[in-house]
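the sequence and its predicted three-dimensional model are supplied below.
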Amino acid sequence: MPNSLPVVAVASLGGTISMTPSDAAGGVVPTLDAAQLARSVPGLADVATITTASLRQLPSASLCHDDLMEALAWAEQQVAAGARGVVLTQGTDTLEETAFLLDLFWTLPEPLILTGAMRAPQAAGADGPANLLAAVRVAVHPESVARGVLVVMNDTAHYARWVSKGDSLAVQAFVSRDGGVAARLVEGGPVFFHARQTRQQPLTRPVRAWPKVALVTAVLGDDGELAEMAVKGGYEAVVIAGQGAGHVSFGFAQRIGALAEQVPVVIASRASGGSTAYQTYGYVGAEIDLVRRGAHMAGWLSALKARLLVAALLASGVAPGALGNALANWSRLTPQ
Ligand code: ASP
């Protein structure tokens, strides 16, 4: 009888899901490839025909933009070759960033799913096999089509736009604080909670080298010196994780005025959820003042995601002067 299961392409990039103990290193390090991961999952072969590739074996902090663009091209090739969906396994430390970066460029309706593990394979209660199985189940499900890049962890699917790592070590590590989770897995399949949203037009592929975009957190007593040093050091844009709804001190605000004449300056919030304000606070260092000084507000984008979007827009050829408008399309959700 011919095998009628859908094909899902799985590629490994490293991370805890692939880590085994090393005496030399004194802890776990990435060693397993996608084929080994797939073989360790009971029941996977009943859900899909799995093809595998090992693209990287890295802790996720050491992944870079170019690694991800290569993974993106690989994923597109798998879909062109007939895959129903694609799963990338990687470290969870940067998962909220990599998912968002890939989502900015993913044009296809087929699901691109990212997953990982909080416990290494030899640990009691290792979650990698369950996460990979769940990721493949989401990848083959018709309801997952045209939702962009999803992160599947702990039987929950998150949109790239909203997901963040909310806990450093717990198995329930990921949250989608503002937009809410995309789906939960129930008895083997995803239950999506909302109809598909119209996705932003994906960005054109980079036409130049990735720019250096600084991310500076505004802290108590901060006068913005670090942001100024970043620009002096050659950073092409600065994202500031501001206090509260996107605020900085009087001294920092003055520096932002001078910096915004040289490079794009974007103000996000250092809080773990919520949008920046646009038209509420009128004091020096608050959003109305900072926008007057030439800064752009990041809206609902976290500082991490705003930094990636700014870099991706500049890399894809958007002129620094046009960045504010491009950013507003992604960041500002206003009452309907
Ligand atoms: N440090 C690991 C990494 O990001 C953590 C993980 O995979 O969960 O590669």
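Perfect, thanks for sending it. Treat the numbers as computed from the prediction; the structure is a model and nothing was measured.

ok, the residue in the stretch 101-250 of the chain positioned nearest to the ligand - how many residues close by?
Closest residue of the stretch 101-250 of the chain to the ligand, Cβ to the nearest ligand atom: residue 116 (4.9 Å). C-beta here means a position set from N, CA and C on the backbone, and glycine is covered the same way. Neighbourhood size, residue 116 [other Cβ atoms under 10 Å]: 30.

then residue 21?
13.

which stretch of helix or strand covers the spatially closest residue to it that is not a sequence neighbour?
Excluding the flanking residues, the one nearest residue 21 by Cβ to Cβ, 6 or more residues apart in numbering is residue 28, at 5.5 Å. Taking DSSP states H and E as the criterion, residue 28 maps to strand 27-30.

that strand pairs with which strands?
strand 19-22 (antiparallel) (DSSP bridges).

need the three-state assignment for the closest residue in space to the residue of the stretch 101-250 of the chain closest to the ligand that isn't next to it in sequence.
Once flanking residues are discounted, residue 116 sits nearest to residue 92: 4.3 Å by Cβ to Cβ, 6+ apart. Following DSSP: H, G, I helix; E, B strand; the rest coil, residue 92 is assigned to coil.

show me the contacts for residue 92.
15, 16, 60, 116, 117, 118, 153, 165, 173, 174 (Cβ atoms under 8 Å, 6 or more residues apart in numbering).

which one (most neighbours) among those residues?
residue 116 (30 neighbours).

beyond the helix or strand hosting residue 136, next helix or strand please.
For residue 136, the host element (DSSP H and E) is helix 128-140. Next in sequence after helix 128-140, counting helices and strands by DSSP H and E, comes strand 149-153.

between helix 128-140 and that next one, find me the angle.
If you take axes from the mean of the first three to the mean of the last three Cα atoms, to 10 degrees, strand 149-153 sits at 150 degrees to helix 128-140.

residues contacting the helix or strand residue 255 falls within, please?
Assigning secondary structure by DSSP H and E places residue 255 in helix 250-260. Here helix 250-260 makes contact (Cβ under 8 Å, 6+ apart) with 218, 222-225, 227-228, 231, 238, 240, 248, 265, 267, 284-285, 289-290, 293-295.

same thing but 7 Å
Defining contact as Cβ atoms under 7 Å, 6 or more residues apart in numbering, one finds that helix 250-260 is touched by 218, 222-224, 227-228, 231, 238, 248, 265, 284-285, 289-290, 293-295.

do stretch 155-163 as well
96, 99-100, 103, 134, 138, 148-151, 174, 176, 178-179, 181-185, 190.

please apply the same query to stretch 54-73.
With contact meaning Cβ under 7 Å, 6+ apart, stretch 54-73 is reached by 11-15, 18, 30-31, 33-34, 74, 88, 90-95, 98, 101-102, 105-106, 210.

in helices only, show me these.
In helices, defined here by DSSP state H, the members of these are 34, 74, 95, 98, 101, 102, 105.

for the fifth one, give its distance to residue 242.
With the distance defined as Cβ to Cβ, to the nearest Å, residue 101 ends up 22 Å from residue 242.

which of these two has more neighbours?
residue 242 (31 against 24).

contact partners for whichever residue of the chain sits closest to the ligand?
Nearest residue of the chain to the ligand (Cβ to the nearest ligand atom) works out as residue 91 at 2.1 Å. Contacts for residue 91 (Cβ under 7 Å, 6+ apart) come out as 14, 15, 16, 59, 60, 116.

now, those residues that are in strands?
Those of these mapping onto strands are residue 14, per DSSP state E.

tell me the two of the contacts of residue 91 that are most distant?
59 and 116 (11.1 Å; Cβ to Cβ).

can you pull the residues that touch both of these two?
Common neighbours of residue 59 and residue 116 (Cβ under 7 Å, 6+ apart) are 15, 91.

re earlier: turn the contacts of residue 92 into CSV, including pLDDT.
As requested, these are arranged in CSV below (pLDDT from 0 to 100):
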residue, pLDDT
15, 98
16, 98
60, 98
116, 98
117, 98
118, 98
153, 98
165, 98
173, 98
174, 98
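
a markdown table please, covering the residues you listed and showing distance to residue 274.
Listed next are those as a markdown table, based on distance: Cβ to Cβ, whole Å:
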| residue | distance to residue 274 |
| --- | --- |
| 15 | 29 |
| 16 | 30 |
| 60 | 26 |
| 116 | 26 |
| 117 | 29 |
| 118 | 26 |
| 153 | 23 |
| 165 | 17 |
| 173 | 20 |
| 174 | 18 |
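
which bits of the protein sit near the ligand?
14, 15, 16, 59, 60, 91, 92, 93, 116, 118 (Cβ under 6 Å from any ligand atom).

the first one is in contact with residue 89, isn't it?
The reference is to residue 14. No - assessed by Cβ atoms under 7 Å, residue 14 is found out of contact with residue 89, at 8.2 Å.
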